[in-house]
Structure formats: C-alpha cells, structure tokens
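Student: Compute the structure for the input listed below.
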Amino acid sequence: MHILTITGKVAILEESAVQTFKESLRGALLRPGDDGYDAARQVYNAMVDKRPALIVRCAGAADVVTAVNFARDHQLFVAVRGGGHDVAGRSLCEGGLVIDLSLMQGIRVDPLRQTALAQGGVTWGDFDRETTAFGLATPGVMVSTTGIAGLTLGGGEGWLSRKFGLSCDNLLSVDMVTANGTFLTVNDREHADLF
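Tutor: I've put the predicted structure just below:
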C-alpha cells in the first residue's frame, strides 16, 4: 500500500507489515474501502475531507503505544484525533496514519477527591455530564462536542474560566505516549518538564 512518510514522500508499505500491525491491535485498523472508514475520517468541520491511508481506532493505551511504534519504525506521517472537533482538520492527515482516540471515552469521577480521570476521546459534553452528576464543575468550553484533550492542550477557556482559570490550569496529571513509544505519567512531580 502507498502511505505518506515524515519526509513528505510516498512510500510502499508491505501488506505483511500492515497485516501484522492490524493483528497486534485490540481496536480496528481501517483502510480506504473498509466498512467504517468514511465515518472514522469525519470531523466536526464537514469542509475537511482528508483521506488517511490508515486509521487506528485505538481501544486503549496499548493500541496507542503500538501505533506510535509502528509509525516511528516506518517513518510515517501521523495525525492524532481526540474528540474530532478540530476545525482546521489537523486531527486527520492526507495519505498518512491517523491515531484515533475517539473510542477511548472512559470517565471516572472521584467525588471525595473532587477529581476526574478521562481518556483522550472524551468530549466536553460527556465530561461535563459525568462531573455534574457529582455536583462538580471544571472550566471548559461552551461547545459540548469539543474534545477535552485538544481543549486542554489549547488552554481551554469557558464559562467558569474567570473564576477558576483555564482547563489546563486545573489539569493534575496526564498519561501520555512519547514519540519513542514510552508510556509516561506526567505531572508536577513526575516528568515535570513534559507536564
């Protein structure tokens, strides 16, 4: 199959490599023509019409690590999709690999500690719904379909920001996968430089 590399050139990826990659995932690996491919490449802005060569529908952190390692080993051009709200369309790429977190929608609220743990595909509306059930609120955006990962990376300004700061000001810790495929928990004590 033809796929875009980080050099901007198109390379041929052996079918056996794609098949081995697919079998190593818990989530789905989609290619053009597969059932669900067109739905998986849609984002909030309908004017964005990019066609990735591969879309990894990650089912958990292990799929993210596997996808990052595969992309690095084959020097693939990568885009990462969280909630899919990105108006500019950077959460997709033409001809490359999309690491799609949108199915990772787990949310766990700890009402005693007044904290919430949420995965990278969670949208603001879902996060707000879960925290509100416990009488909690977090500064966030005004559009419920915005993904919390991109929202927080961009600062995250919303209704409560003037009183409680931005979304990023309320972030306590992040589980992340680095470009070398290492899973890290980063916060003000562990890997503070990345946090």
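Student: Need the single longest helix in the protein, by residues.
Tutor: For the chain, the longest helix by residue count, based on DSSP state H, is helix 61-73.
Student: Quick one: distance of that one to the chain centre.
Tutor: Relative to the mean C-alpha coordinate of its chain, helix 61-73 is positioned 13 Å out (CA atoms, centre = their mean, to the nearest Å).
Student: what about it, average pLDDT?
Tutor: In this model, helix 61-73 has an average pLDDT of 98.
Student: Would you mark the buried spots in it?
Tutor: 61, 63-71 (16 or more other CB atoms under 10 Å). C-betas here are computed from N, CA, C, even on glycine.
Student: so after that helix, what's the next helix or strand?
Tutor: strand 78-81 (DSSP states H and E).
Student: That next one - contacts with which helices or strands?
Tutor: strand 97-100 (3 or more CB pairs under 8 Å, 6 or more residues apart in numbering; DSSP states H and E).
Student: coming back round to it: which one of the buried residues of helix 61-73 is nearest to V141?
Tutor: V64 (23.9 Å; CB to CB).
Student: right, and the closest one touches Q119 too?
Tutor: No - under the criterion of CB atoms under 8 Å, V64 is not in contact with Q119, lying 10.2 Å apart.
Student: between the two, what contacts are shared?
Tutor: L101 (CB atoms under 8 Å, 6 or more residues apart in numbering).
Student: returning to what we had before: just the closest of the buried residues of helix 61-73 to A179, please.
Tutor: Proximity of these to A179 (CB to CB) peaks at V68, which lies at 6.8 Å.
Student: Pick out the residue nearest the middle of this protein.
Tutor: G82 (3.0 Å; CA atoms, centre = their mean).
Student: Look up how far D193 lies from that one.
Tutor: G82 is 23 Å from D193, where distance means CB to CB, to the nearest Å.
Student: likewise A46?
Tutor: Per CB to CB, A46 is found 39 Å from D193.
Student: now swap in V18 and tell me
Tutor: 36 Å.
Student: Would you mind telling me which of these two has more residues around it?
Tutor: Under the criterion of other CB atoms under 10 Å, the comparison of V18 against D193 puts V18 first, with 18 against 5.
Student: Just give the nearest non-adjacent residue to that one, would you?
Tutor: Ranked by CB to CB, 6 or more residues apart in numbering and with sequence neighbours excluded, the top spatial neighbour of V18 is M1, at 6.2 Å.
Student: and if you look at A149?
Tutor: Using CB to CB, 6+ apart, the closest residue to A149 is G82 (3.7 Å).
Student: I'd guessed the one you found sits against I148; true?
Tutor: Yes - with contact defined as CB under 8 Å, G82 counts as touching I148 (7.4 Å).
Student: Next, count neighbours for W124.
Tutor: By the measure other CB under 10 Å, the count of residues near W124 is 23.
Student: mind listing what D100 touches?
Tutor: Contact partners of D100, counting by CB under 8 Å, 6+ apart, are 40, 55-58, 81, 121.
Student: Out of these, which sit inside strands?
Tutor: Among the contacts of D100, DSSP state E puts 55-57, 81 in strands.
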